[in-house]
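Colleague: Below are the sequence and a predicted model; questions follow.
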6 protein chains.
Amino acid sequence: MARADGRNPDQLRPVTITRHWLAHAEGSVLVEFGDTKVLCAASVQDTVPRWRKGSGLGWVTAEYAMLPRATNTRSDRESVKGRIGGRTHEISRLIGRSLRACVDYQALGENSVILDCDVLQADGGTRTAAITGAYVALVDAINWMRERRMCPGDPLTGSVSAVSVGVVGDTPMLDLCYAEDVAAETDMNVVMTGTGEFVEVQGTAEGAPFDRALLDKLLDLATAGCAELAELQRKALA
Amino acid sequence: MARADGRNPDQLRPVTITRHWLAHAEGSVLVEFGDTKVLCAASVQDTVPRWRKGSGLGWVTAEYAMLPRATNTRSDRESVKGRIGGRTHEISRLIGRSLRACVDYQALGENSVILDCDVLQADGGTRTAAITGAYVALVDAINWMRERRMCPGDPLTGSVSAVSVGVVGDTPMLDLCYAEDVAAETDMNVVMTGTGEFVEVQGTAEGAPFDRALLDKLLDLATAGCAELAELQRKALA
Amino acid sequence: MARADGRNPDQLRPVTITRHWLAHAEGSVLVEFGDTKVLCAASVQDTVPRWRKGSGLGWVTAEYAMLPRATNTRSDRESVKGRIGGRTHEISRLIGRSLRACVDYQALGENSVILDCDVLQADGGTRTAAITGAYVALVDAINWMRERRMCPGDPLTGSVSAVSVGVVGDTPMLDLCYAEDVAAETDMNVVMTGTGEFVEVQGTAEGAPFDRALLDKLLDLATAGCAELAELQRKALA
Amino acid sequence: MARADGRNPDQLRPVTITRHWLAHAEGSVLVEFGDTKVLCAASVQDTVPRWRKGSGLGWVTAEYAMLPRATNTRSDRESVKGRIGGRTHEISRLIGRSLRACVDYQALGENSVILDCDVLQADGGTRTAAITGAYVALVDAINWMRERRMCPGDPLTGSVSAVSVGVVGDTPMLDLCYAEDVAAETDMNVVMTGTGEFVEVQGTAEGAPFDRALLDKLLDLATAGCAELAELQRKALA
Amino acid sequence: MARADGRNPDQLRPVTITRHWLAHAEGSVLVEFGDTKVLCAASVQDTVPRWRKGSGLGWVTAEYAMLPRATNTRSDRESVKGRIGGRTHEISRLIGRSLRACVDYQALGENSVILDCDVLQADGGTRTAAITGAYVALVDAINWMRERRMCPGDPLTGSVSAVSVGVVGDTPMLDLCYAEDVAAETDMNVVMTGTGEFVEVQGTAEGAPFDRALLDKLLDLATAGCAELAELQRKALA
Amino acid sequence: MARADGRNPDQLRPVTITRHWLAHAEGSVLVEFGDTKVLCAASVQDTVPRWRKGSGLGWVTAEYAMLPRATNTRSDRESVKGRIGGRTHEISRLIGRSLRACVDYQALGENSVILDCDVLQADGGTRTAAITGAYVALVDAINWMRERRMCPGDPLTGSVSAVSVGVVGDTPMLDLCYAEDVAAETDMNVVMTGTGEFVEVQGTAEGAPFDRALLDKLLDLATAGCAELAELQRKALA
C-alpha cells in the first residue's frame, strides 16, 4: 500500500520547528508536520486560576483553534457561532493535559503558562503537531521565567511529543495526512515523554474494531515516531 | 492494596441493568455500576441530520449530562450557564462513537436513534456505565423499529460495553469508584465489542507517565471486565 | 364524564413519596403523581447569594428541568440550545417562591438550600408534584442542618403542597394527567399551606374565559386536594 | 390606611391611553397607569410560526421588556447580558396568553400579530398596563388588516384588560404603585374580559399566606377595576 | 433636486429637545430630528469600571438600541437573539467616544455616567440625534452630581453635537431622513464641538467613491449643521 | 519629532505582500506593515446569503479577528467568551464595506467571496493592513473564479487600499505603529481607490478635537500613502 506522498508506513512527514515566530509571546513556535502548520504561543502570567490561589502551585493550560480557512472548505468561526465545538474542547483539553505531564507545579510557583495553538493550515495531525510544537514554546517560556527568577525551581520534568498512527487499507501507518486520516479504519493519537513512556493513548475504531495484535503494532509505530520527534525537539532547542 | 469496598483488583462493582425504566422512550435502561446510576433513554426518529439526508443511511448519536446533585457537591446546570462544558462534550462524543461501532447505517435506513444518558448519581465510571447501559437501550429501540418494519435490515452488528481501569497505589484495578479514580496515577477507559475487539482506548497519565508493561496489564484487566459486562448485557436482553 | 384512568373528578392519582433516593444530597425525594416522576434534591450551602451577604438571612431557591425524554416526544436539551426556555424559568420561580412561603430566613441563618427538581417522566402536573416533593426534601435538608447546628432557629414555619385543577368537558377535575391537561378549558395550579391557606393561585383560561362560580368550584377542589397531599407529606416524614 | 398618592383603596390611578403613538406600527399605544408608561406596538405579519403553517389559523404573541433606566436604579440590558431573564419571559408569556383569549384564530387567517410592550417608565403594574394597552393596539392592528381584507372573518371575540390588586398593611387595594407593591403581603394580577369573566388569575403570597375570604375580596376589587379599564378602552377606541 | 419633505439641501429637520422626560434618571431627554425620536437617559453611578478603579478618574459610556418596531418592518430583539449586532456595537461605541470628548475625567472623579439611547422611532440619523440629545442629558446628570458635590471639579469641557450629511442624486444634503439615506451615494456622520472642531468624521461611499472636492462640501454642510444644533442645545439648557 | 523607528512622518513602514500563503484558499495573502502581520484568506462560495438569493447579484464580506497572543498581553478568545466584541464587529464591517467598493455584484453573479483577516501579530494599523492585503487575496480569488467561468463578467471595478494617519505630539504622521497609535491625539483610517478617491474616512479625536486645517493635512498624508500602497499591490499582482 503506497502512501499518497510516497512515504514509508513508518515514516514521519518533514517536520519543521521554527522558534521565536512571534515578537510578543514569551515562547512561540511555528510547527509544521508536512502541510499542517500550527502556530503555538506560550503566554506567561504571574497569577493562577482562582481555584488554585494560595496553593503555591502553578498551572499550565492550552487552547486550540483553527482559522476558518485552514481546511479545504471554509468553516464558520466559533466566535461567530458563539460556542466552542466539542472537537475544539476535546483537543484543547488533550493538549493541556499532555503538557502538564512534564511540569512540576511546585517548581513553577504560582504562575501560569497558557499555550495557544492556532492551526493556520490543516492536513491531518493538527493536535499532535500542536502538542509537539507547544512543548518547545513552553520550554522557551519557562526559560524566560527562569531568567527573571519567577520560578522557585526548574518546572520542567521532561519532554513531551505526540504523533498519530492509524490503519489505512490493512497497513498500520505513522503520522497520517488528511487523506489518510479520512480513509483510516483505526485512528490513534499517542503522547509520550522523551524517555519513552506514555502520557496519553487515544485509539478509536473509525471503521471495524481492532484486535490486540493490531493495537500492539500501532503502539510500536507511535513509540518510534515520538522518539524521533523528541530528537527533533531537542535539536530545535539546542 | 485493599479496595475501599473490599473488592479484588480485577472485580467489577455490582452491576444492575433495568430495562423499560421509562414509559415513553423506545428503549430505556437504568444502569447501575455500584452507586453510579445512569438513566439511558433511546429515542427513535424517522429522520436523519441534514448533512445525511438522501444518503439512505441512518445515524446514532448520544448526549451525556449530569443532574446537578449527582455528585457530592452541587454543580451549576449547563443550561443555566448557557454552555456545554468540555467534559460533557467529550463524553457525549465518546458514547456516540462507541455505539456507532455496532450499527450498520445501511440496515438502519434513514432513521436516527438518540441516546440520552443522564447521570442521576455519580460514583466514578459514569461514562463506561452510560455506554454499557445505552447499548441495551439501543437494542430495545432497534427492536421497536424492526417490529414496525422501519429498517431495511438488521442494524445491529454486535454488542458494545465499556469499563474503566487504573493504577491506584501501584495496583492496576478494574472499574474504579470515585475515591479510587481521584487517587489513580493512570486512568483508562476501554470500549470493546462482545467479541473482544477494541472500539476505543483512552488512557491518561494523571500522575506519572506509564510504561508499556503497565499499559498491557491495564488492557488485560479491561478485556476481562468488558467480557463480563457483555455477558450481563446478554442476560438483561434475554 | 369518565376520566381516562377511571378516577372520580375529585380524586388524586396514586402519590408516592420516596425519601433518601440519592446518596449525596442533604435531602432527596422521588415523588410520583401517577406516571409523573420528579426527582427533588435539596442541596445545603453555607453561603447566600451576593445581594444577601451580611444580612443574617438565609435563602431558598429552586431549579426545575425536564430530561429530554421525560415526554412522549424527545425535546432538545436547554444546555445544548444554550438558553433556558420561558416555561422552565417560570416553573423554577414558582417552586422557589412556594417553598420560601414556609421558611423563616432569620432562623435559617446565612445558609441556602437549593431545590433541584428534575422531571424524569412527565404525565401532567410536574410542577405541582415538584413542589410537593421538594417540600419533603427541604425538611430533610433542614433537619440535616439542625443536627449540625447550622441554623440559629427552626426555619420551618409550616408545610406546602400543590395540585392542579381544571375543567375538562364541563367537569371540574383534580390533579390532571397529561391527556386531561391538553383537553382542559381552564387550568389552575394551586399551592397551599398545611393549614389550608393559599400561597399561590395561578388560573388560566386555555379555551373560554371562566366565571366566578367556576373559579370557586376549582378552588374547593384544590383545597381538598392540597389537604390530602399535606397528609401524605406528614406520613412520609413520620 | 392612607395610600401614598391619596387614592381610595378601590381606586385606579389616572389612566391614559394614547393611540397612534408611533408612525410605522399597524397599531400603537402609549398607555399610562399613573407614572407607569408602556409603549405597546402591534406588528402585523402575513405569516405564522413554522409549527402553525398550513393550519389556516393565525397567531398572536407578545414580547415585554424594560428600558434600562425605566426604574429607579439602572438595570443591565438583557441584550448585553445575552439572555432574557425569568421575569421577562414570564410576563411576555402572560401578555401573549391574555390577548389570545380574545382572538379567533380561524377568523384571523394565517396571519400573526406581535405585541411589543416596552416599559419606558416603571412605577408598579407594568404587566397589567401592558395588557390593557396592548389590547387597544391589537384592535387597531386588526382593523388595519380588515381594511386590507387580510382576514377571513372578524378575529376579535371580546376585549381584555388587566389590573393588579394586593394587601398592603391589612388593606386590600387596587392597582398598586411600586411603593405599595414592595410593601404588599399578597399580590395578585387579574386579567378579565370586557364581559367580566376571568382570563388569568395569578395570586402570590409575598409575605404571609392568605385565606379564602381575603382572596374573595381581592377578586371583587379586581373585577371592578377591570370593568373600569374596559370602559376606558372602549372610550379610547371610540 | 427637491427633498422629500420640501427642505433646502442645507436645512435641518425640525429639532425638539425635551428635557426631564423620565422621572427616575439623573438626566433624560427625548430628542426628535423630524420623525426620528430617541430617548436618552443619563444614569449616574458612584463607581467606575474595574480597570479604572483607584485611578481617581471617571468614565462616560453609552448604549444604543432600537425598539423592535422603531422601523418600518419589525426587527427581532437583540435580547431574544442573545447577541448585540455589529451595527448596535458600532453606534454605542461612537456615542460613548463622542461624549467623552467633552468630559474631563479628573474633574469627574471616580464616578460614571451611562448614556442609554433608545430609539423609539427611526427615520434616519438616529445616531446623530442620539449624540445630540445625550449631550443634553449628560449636562443635566453632571449638574445633578455637582449639586450633590460628587465631583472634584467641573467635568464639562465643552459641548458636542452631531449630524449626518450625504450625497443624494448629485446634491450634497444635510440631515438625511431614511428615504434619503437609502438613496445616498455617500453618507457621512460628523460629530463636532460647540466651538466648531471635529470630534469624529465617518464618511462612507455607499455607491461610487467620492473625491476631495465633494468631501470638502460635505464637511462644510456638516459644520454649519452642527453649529445650529449646538445653538439648539444651548437654548434647551438655558 | 522623531519617530520610534526613525521613519519620516510621511513614510510607510516596510510593506510585504506574500501571495499564495495558504494551500487551500482560493486567494491568500500574508500582508506585513512593519511588525503587523495579517493573514488574509479569500474563500469562494457559489451561493449568496439568503436575503440575496435569486437577485442575480453576488456578495463580498469579511471577518476580522486577532489571535490571542497577537498583542503584547494575551487577550481572551472571543470564541471562549461566546461573543464577538464591538471592536471586532466594527472592523469586520469596515473591511467588507471597503472591498465591496471595488466589486460589481452583477458581474460577480450569484457567488460570494468571504475575506478572513486574522491578525497573527499586531503593531498598529491591523485594519488598514487587512484591507490592503485582502484586496490582493480578493483579486486572486476572482481570477480563480474567472478561470472556472463562474462569473458572468469582470467583477473588479478598481483597487482598494487603506492606511492610518494621526497626530502624535503635534506632528501629523503616516501609518502609525502601536506606540504611536497609543500616543496619538487624533487617529484616522482612510480607505481609497487606486484612482485616488475616498471609500471610507474615519477620523477620531482621541485627545483634543481637531480643526479643519489639521484634517486637511491628514487627508493629504493618507492620499499619498494609499497611492503608494496601490502601487505595491499592483507590483505584488504583476
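Modeller: Thanks, I have the structure now. Residues are numbered from 1 along each chain as shown, chains lettered A, B, ... in the order given.
Colleague: ok, is the longest helix belonging to chain A in contact with chain B or not?
Modeller: Counting by DSSP state H, the longest helix found in chain A is helix A:212-237. Yes. Against chain B, helix A:212-237 shows contacts by C-beta under 8 Å from any C-beta of the partner chain at A:Arg212, A:Leu215, A:Leu219, A:Thr223. From N, CA and C alone the C-beta is placed, and that goes for glycine too.
Colleague: who's in contact with the first one?
Modeller: By C-beta atoms under 8 Å, 6 or more residues apart in numbering or on different chains, the residues touching A:Arg212 are B:Phe198, B:Leu219, B:Thr223.
Colleague: Contacts only, for the last one.
Modeller: Shown in contact with B:Thr223 (C-beta under 8 Å, 6+ apart): A:Arg212, B:Val190, B:Met192, B:Gly196.
Colleague: Strands along chain A, start to end?
Modeller: For chain A, applying DSSP state E gives strands covering A:15-19, A:27-33, A:36-45, A:59-66, A:112-121, A:160-168, A:171-174, A:186-193, A:198-205.
Colleague: Dump those strands to CSV, plus distance to E:Ala65, mean pLDDT and mean neighbour count.
Modeller: Converted to CSV, these look like this (distance: least, C-beta to C-beta, whole Å; pLDDT from 0 to 100; neighbours: other C-beta atoms under 10 Å in any protein chain shown):
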stretch, distance to E:Ala65, mean pLDDT, mean neighbour count
strand A:15-19, 47, 98, 18
strand A:27-33, 41, 98, 26
strand A:36-45, 35, 98, 25
strand A:59-66, 31, 98, 23
strand A:112-121, 34, 98, 24
strand A:160-168, 48, 97, 27
strand A:171-174, 56, 96, 22
strand A:186-193, 47, 96, 24
strand A:198-205, 47, 96, 24
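Colleague: Could you measure from the closest residue to chain E within chain A over to B:Tyr135?
Modeller: Closest to chain E within chain A is A:Gly82: 6.6 Å, counting by C-beta to the nearest C-beta. Separation of A:Gly82 from B:Tyr135 (C-beta to C-beta, to the nearest Å): 34 Å.
Colleague: about what we covered before: for the longest helix of chain A, list every residue counted as buried.
Modeller: Within helix A:212-237, the residues scored as buried using 16 or more other C-beta atoms under 10 Å in any protein chain shown are A:214-215, A:218-219, A:221-226, A:228-230, A:232-233, A:236.
Colleague: wait, which of these is closest to chain F?
Modeller: A:Ala236 (19.4 Å).
Colleague: The closest one reaches A:Val15, doesn't it?
Modeller: No. Using C-beta atoms under 8 Å, A:Ala236 is not in contact with A:Val15, being 9.3 Å away.
Colleague: thinking again about what came up before, now the longest helix of chain A: mean pLDDT?
Modeller: Mean pLDDT, helix A:212-237: 97.
Colleague: For that helix, what is the distance to the chain centroid?
Modeller: Taking C-alpha atoms, centre = their mean, to the nearest Å, one finds the center of helix A:212-237 at 13 Å from the center of the full chain.
Colleague: and the residue most central in space within chain A, what is it in contact with?
Modeller: Note on chain A: the residue nearest the mean C-alpha position is A:Ile131, at 1.4 Å, using C-alpha atoms, centre = their mean. A:Ile131 makes contact with A:Leu94, A:Ile95, A:Ser98, A:Leu99, A:Val160, A:Ser161, A:Ala162, A:Val191 under the criterion C-beta under 8 Å, 6+ apart.
Colleague: would you list the residues of helix A:212-237 next to chain B in CSV and tack on distance to E:Ser55?
Modeller: As requested, the residues of helix A:212-237 next to chain B are exported to CSV (distance: C-beta to C-beta, whole Å):
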residue, distance to E:Ser55
A:Arg212, 65
A:Leu215, 61
A:Leu219, 58
A:Thr223, 57
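Colleague: and of those residues, the nearest to C:Val38?
Modeller: Closest approach between those and C:Val38, by C-beta to C-beta: A:Leu215, at 45.4 Å.
Colleague: is it true that the residue of chain A closest to chain E touches E:Arg83?
Modeller: Yes. Counting by C-beta under 8 Å, A:Gly82 does reach E:Arg83; the two are 6.6 Å apart.
Colleague: which neighbours do those two share?
Modeller: F:Arg83.
Colleague: what about stretch A:120-132, start to end distance?
Modeller: End-to-end span of stretch A:120-132 (C-alpha to C-alpha, to the nearest Å): 16 Å.
Colleague: hmm, stretch A:53-63 touching chain B?
Modeller: No. Shown here: stretch A:53-63 not in contact with chain B (C-beta under 8 Å from any C-beta), separated by at least 10.8 Å.
Colleague: How far does that stretch stretch from one end to the other?
Modeller: Counting by C-alpha to C-alpha, you get 21 Å between the two ends of stretch A:53-63.
Colleague: what's the closest of the strands of chain A to D:Asn111?
Modeller: Across the strands of chain A, closest to D:Asn111 is strand A:59-66 (C-beta to C-beta), at 45.0 Å.
Colleague: contacting residues around the closest one?
Modeller: Applying C-beta under 8 Å, 6+ apart, the contact partners of strand A:59-66 are A:48-49, A:52, A:75, A:78, A:88, A:91-92, A:95-96, A:99-100, A:103, A:105, A:108, A:111-119, A:122, A:126-127, A:130, A:134, A:138, F:68, F:77, F:79-80.
Colleague: Of those residues, just the buried ones, ChimeraX syntax please.
Modeller: In ChimeraX, a selection of the buried entries from the contacts of strand A:59-66 looks like this (16+ other C-beta under 10 Å):
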select /A:48,78,88,91,92,95,96,99,100,103,105,108,111,112,113,114,115,116,117,118,119,122,126,127,130,134,138 /F:68,77,79,80
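Colleague: buried ones in stretch A:68-75?
Modeller: Going by 16+ other C-beta under 10 Å, stretch A:68-75 has these buried residues: A:Pro68, A:Arg69, A:Ala70, A:Thr71, A:Arg74.
Colleague: Contact partners for the residue in chain A positioned nearest to chain C?
Modeller: Proximity to chain C, evaluated over chain A using C-beta to the nearest C-beta, is greatest for A:Arg83 at 6.7 Å. Residues near A:Arg83 by C-beta under 8 Å, 6+ apart: B:Arg83, B:Ile84, C:Gly82, F:Ser79, F:Gly82.
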